[in-house]
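**Q** Sequence and predicted structure, then a few things I'm wondering about:
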Amino acid sequence: DKDKNFVYIKTRYLHRVYTVMSDGSSVKTEGVVRNVKASPNPFTPSVKNASVDSRYGVFKITFELDKPYDKYKVRIYDMSGKLVRELEGDGSFGQGEVYWDGKDLDGVIVRNGAYIFVVETGGTVGYRGTVILVK
């Protein structure tokens, strides 16, 4: 119920639940980085050695850039501000797409929790968002 900011969940077993509610008004349509789509949120990383090409068990971030850039970076931080992962891509077509498999810089799947992703290009932070990882 978005009016009352309340989520009703019926289940037999519940360990932990995270939810993010939005009316869509937070979608940025202007600026260096815009029209960001991040899904699924929350997401569960694949524990099998599935290829990223399968697009299952990964968190996908897509966005548009205001103009072509040589490259862009997406940095993922935990809630304490520690860098968890850095992803890069070619921004020469004015758009970007990255996939996070839920692993840190050492290739280990991170803990359950909330993570912040930051999209940077041209030395400018263009967008900040949150993702919930649940195993």
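**A** Perfect, I can see it now. Everything numeric here is computed off the predicted structure, so don't read it as measured data.

**Q** Any regions of this protein where pLDDT drops low?
**A** Confidence mapping of the chain against pLDDT under 70 gives the ranges 1-31, 47-56.

**Q** switch the cut-off to 80
**A** 1-31, 47-56, 135 (pLDDT under 80).

**Q** can you pull out the strands in it?
**A** Using DSSP state E, the strands of the chain run over residues 33-39, 59-65, 71-78, 83-90, 95-100, 113-121, 124-133.

**Q** Can you name the residues bridging to the closest residue to residue 35 other than its chain neighbours?
**A** Excluding its sequence neighbours, the residue lying closest to residue 35 (C-beta to C-beta, 6 or more residues apart in numbering) is residue 64, at 4.7 Å. C-beta: built from backbone N, CA, C; applies to glycine. Residue 64 forms beta bridges with residue 34, residue 95, as assigned by DSSP bridges.

**Q** What distance do you get for residue 64 to residue 112?
**A** 31 Å (C-beta to C-beta, to the nearest Å).

**Q** again, but for residue 79
**A** 12 Å.

**Q** who's more crowded, these two?
**A** The neighbour count for residue 79 versus residue 112, taken as other C-beta atoms under 10 Å, is higher for residue 112 (14 against 10).

**Q** surely that one meets residue 102?
**A** No: counting by C-beta atoms under 8 Å, residue 112 sits too far from residue 102 to count as a contact (10.1 Å).

**Q** any common contacting residues for these two?
**A** residue 133 (C-beta atoms under 8 Å, 6 or more residues apart in numbering).
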